[in-house]
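**Student:** quick one, what's the 3D model for this:
(2 chains)
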Number of protein chains: 2
Amino acid sequence: MKLSRLGEFGLIASIQRRTPKGRGVKIGIGDDAASVANCRAASLVTADLLLEGRHFDLRWMPFEDLGYKALAVNLSDIAAMGGIADYAILSLGIPPRLDSREIDAFYRGFQGLADECAVALIGGDTNAADQLIVSVCVIGHAAARPVRRSGARPGDDIYVTGTLGDSALGLKFLKRRARSERPRLHPRALIRRHRRPTPRLAAGALLAQNGLATAMIDVSDGLVQDLGHICQASGVGATIEADRLPLSAAYRALCAKDGIAPALSGGEDYELLFCARRKDRGRVEKLPGRAGVAVTRIGVCTAAHRKVAILDASGKALKIRAPGHDHFRR
Amino acid sequence: MKLSRLGEFGLIASIQRRTPKGRGVKIGIGDDAASVANCRAASLVTADLLLEGRHFDLRWMPFEDLGYKALAVNLSDIAAMGGIADYAILSLGIPPRLDSREIDAFYRGFQGLADECAVALIGGDTNAADQLIVSVCVIGHAAARPVRRSGARPGDDIYVTGTLGDSALGLKFLKRRARSERPRLHPRALIRRHRRPTPRLAAGALLAQNGLATAMIDVSDGLVQDLGHICQASGVGATIEADRLPLSAAYRALCAKDGIAPALSGGEDYELLFCARRKDRGRVEKLPGRAGVAVTRIGVCTAAHRKVAILDASGKALKIRAPGHDHFRR
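**Tutor:** Residues are numbered from 1 along each chain as shown, chains lettered A, B, ... in the order given. I've put the predicted structure just below:
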């Protein structure tokens, strides 16, 4: 059914019907505000605004994946504080031309990840808009003291979870396919990483609980740019060894000619980038088994305030052309 | 300075610089998530998405007023639960053609009301967009048991705070002025009510703390439609006496020819509409002195499930043509 026929209140009723109430939810969707139990004395709060044509393109982003990803990118911010996510608020601006089945698919993707991570959808807002607008706010709590961007010290090791650059390469394939250039190899793994990034909640919480991360951020704008944020907040510099960057099998098999640029500045990896004291190296390297994700040491913090250097195998500094995204300058 | 020159991170830094940290804020703007102290064991959470061209028009909405109003409409939702607001999260989609002074003015209006109501801005997101997008989430706590929409019973009195219809009439004057039709009288009071609605936080909290309101909602979509939400949630009907509707002096002086339609279905009043037991009439009528706003009894709840009737002075039912807003059907 077209949304223009279902109407605003029909849509809200249908969202309300299908949303499970969730642990801790006293008043859920459908009143002026939700009422929820707080898990701890303090809450973590994060928000992301995703816009059609800027952050996603419906030509190559299925609605169900978009719903999943809209929640995932927020959970990734909670993970980057070492936190546990509890509640989500979802506001949508929806073009009335869309069919209610498309919005159903969006909610299916969103709710699927919410169920997986024990997050309750508790409210939001729905409006008509010219283009699809997705605004998400997530409330969680810290498993231990939250890990900030500002605690790195010269000499700390630099680590990243998972692999880098897959999402950017997946997007490149999707754009090429939209122009009907058929790649010979099917880069399913890369496309999946673009559409359904995994928020590293377990790894983030383990790092916080064990006091291992001195500083942490999630890689959303590209490794170099997000490492720059840690360097700026911590007052340190960083040296990255290019040949240590973790690249997936699909990246190596399909995109060797792209070099390491997608891993350095591709963005949307939603992996955790963190620093840890050198003396904790042994403990950090035992983490993957418990966190369910690889952890790779890629460099070291330096005293060269805010300077990020990427060294090749011979120790020579590489030039970085596009460090990452700036939404207004793009 | 044009935002395209200032850049995303320049803008974030400037917001961070001018935002006071606020009570209870452990980690504010500038990390992956904020960390805030919870005031009670439970939180109230609400969100509103405001879109240029749908909810506001920059031709007659100054940026400073828009910032004020974006927070006010969310505080109004907290007021409608009988709650106290603590924290705000603000996400903006900003056309890069805008000047940073315009965004400064928006934040000035937002922060002005936040200061007034002891609300701390703790985070959000900023992106480039084709049109201005304002997404706000407010977290608060209940002063007592939250007041829902569902507690009204047949025989309960129906009340509204302040006056109705001013905002809709203010908007009408603004649109007329944009077409260079100069009204002879200057409807400043009406325009101010459209641009700077007062969230009725004190009245809402007093009603909740004293256990007076059986059901409550804020009037955002028009009296008839929002009363319909109470009727639906409570399983009651309602009868409103048209000549009891509280109209402002400006409304009566400038807009007598508009009749009561703007008061019934104009929308954006952001007054509190609530029900109370008949036996509490004396206590409710003592409220205005303490809440700083008039409270007017306008009707009674009936057993006629979901039926809202508006009676004229002779007791005859009036026909209501446009009950209120539906964002998808408009």
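
**Student:** name the residues of the stretch 101-250 of chain A found near chain B, please.
**Tutor:** Residues of the stretch 101-250 of chain A lying near chain B by Cβ under 8 Å from any Cβ of the partner chain: A:122-131, A:133, A:135, A:137-140, A:142, A:146, A:148-150, A:216-218, A:233. For every residue, glycine as well, the C-beta is placed using N, CA and C.

**Student:** so who does the closest residue to chain B within the stretch 101-250 of chain A touch?
**Tutor:** As assessed by Cβ to the nearest Cβ, chain B sits closest to A:Ser135 within the stretch 101-250 of chain A, at 3.8 Å. Going by Cβ atoms under 8 Å, 6 or more residues apart in numbering or on different chains, A:Ser135 touches A:47-50, A:90-93, A:124, B:47, B:49, B:91, B:133, B:135.

**Student:** can you give me the strands for chain A?
**Tutor:** Shown for chain A, the strands assigned by DSSP state E span residues A:25-27, A:34-37, A:42-51, A:83-94, A:120-128, A:133-142, A:157-161, A:213-218, A:237-241, A:272-276, A:295-302, A:308-311.

**Student:** between the ones you listed, which gets nearest to B:Ala114?
**Tutor:** B:Ala114 lies closest to strand A:42-51 among the strands of chain A, at 15.2 Å (Cβ to Cβ).

**Student:** angle of that closest one against strand B:83-94?
**Tutor:** Angle, strand A:42-51 to strand B:83-94, by axes from the mean of the first three to the mean of the last three Cα atoms, to 10 degrees: 30 degrees.

**Student:** what sits against A:Ala250?
**Tutor:** Residues in contact with A:Ala250 (Cβ under 8 Å, 6+ apart) are A:Asp166, A:Leu169, A:Pro187, A:Ala189, A:Leu190.

**Student:** just give me the least confident of those residues.
**Tutor:** Among the contacts of A:Ala250, A:Pro187 has the lowest pLDDT, at 87.

**Student:** these two touch, right, it and A:Leu254?
**Tutor:** Yes - with contact defined as Cβ atoms under 8 Å, A:Pro187 counts as touching A:Leu254 (5.3 Å).

**Student:** need the overlap of contacts for those two.
**Tutor:** Residues within reach of A:Pro187 and of A:Leu254 at once, by Cβ under 8 Å, 6+ apart, are A:Leu169.

**Student:** burial count for A:Ser35?
**Tutor:** The number of residues packed near A:Ser35 is 24, by other Cβ atoms under 10 Å in any protein chain shown.

**Student:** ok, for A:Asp104, nearest residue in space, not its chain neighbours?
**Tutor:** Nearest residue to A:Asp104 in three dimensions, chain neighbours excluded: A:Ser14, at 7.7 Å (Cβ to Cβ, 6 or more residues apart in numbering or on different chains).

**Student:** distance of the one you found from A:Ser4?
**Tutor:** Remark: distance between A:Ser14 and A:Ser4 (Cβ to Cβ, to the nearest Å) = 15 Å.

**Student:** now swap in A:Arg306 and tell me
**Tutor:** With Cβ to Cβ as the criterion, A:Arg306 and A:Ser4 are 51 Å apart.

**Student:** repeat that for A:Ala105.
**Tutor:** 18 Å.

**Student:** what is the neighbour count of the nearest residue to A:Ile139 once chain neighbours are set aside?
**Tutor:** Once flanking residues are discounted, A:Ile139 sits nearest to A:Tyr87: 4.5 Å by Cβ to Cβ, 6+ apart. Other residues within reach of A:Tyr87, judged by other Cβ under 10 Å, total 29.

**Student:** I'd like to know which elements the lowest-mean-pLDDT helix or strand in chain A is packed against.
**Tutor:** Least confident helix or strand, chain A: helix A:3-18 with a mean of 85, by mean pLDDT, DSSP states H and E. With contacts taken as 3 or more Cβ pairs under 8 Å, 6 or more residues apart in numbering or on different chains; DSSP states H and E, helix A:3-18 sits against helix A:100-116, strand A:120-128.

**Student:** next, the angle strand A:83-94 makes with the longest one.
**Tutor:** Between the direction of helix A:100-116 and that of strand A:83-94, the angle (the same axes, to 10 degrees) works out to 170 degrees.

**Student:** what does helix A:100-116 rub up against?
**Tutor:** Looking at helix A:100-116 with Cβ under 8 Å, 6+ apart, the contacting residues turn out to be A:1-3, A:6, A:11, A:14-15, A:18-20, A:62-72, A:75, A:88, A:90, A:92, A:94, A:119-121.

**Student:** can you select the buried ones from these in PyMOL?
**Tutor:** Command for PyMOL that selects the buried part of the contacts of helix A:100-116, burial taken from 16 or more other Cβ atoms under 10 Å in any protein chain shown:
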select buried, chain A and resi 3+6+11+14+15+19+63+64+65+66+67+68+69+70+71+72+75+88+90+92+94+119+120+121
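
**Student:** A:Tyr68 and chain B: what is the separation?
**Tutor:** Per Cβ to the nearest Cβ, to the nearest Å, A:Tyr68 is found 19 Å from chain B.

**Student:** next one: A:Leu318
**Tutor:** Counting by Cβ to the nearest Cβ - A:Leu318 and chain B are separated by 23 Å.

**Student:** ignoring the adjacent residues along the chain, who's closest to that residue?
**Tutor:** Excluding its sequence neighbours, the residue lying closest to A:Leu318 (Cβ to Cβ, 6+ apart) is A:Ile310, at 4.5 Å.

**Student:** wait, that neighbour sits on A:Leu264?
**Tutor:** Yes - contact criterion Cβ under 8 Å: A:Ile310 and A:Leu264 qualify, at 6.6 Å.

**Student:** and for these two, which residues touch both?
**Tutor:** Counting by Cβ under 8 Å, 6+ apart, the contacts common to A:Ile310 and A:Leu264 are A:Val224, A:Ala242, A:Ile320.

**Student:** setting the sequence-adjacent residues aside, check what's closest to the last one.
**Tutor:** The spatially closest residue to A:Ile320, leaving aside those adjacent along the chain, is A:Val224, at 5.6 Å (Cβ to Cβ, 6+ apart).

**Student:** from A:Ile310, how far off is that neighbour?
**Tutor:** Remark: distance between A:Val224 and A:Ile310 (Cβ to Cβ) = 7 Å.
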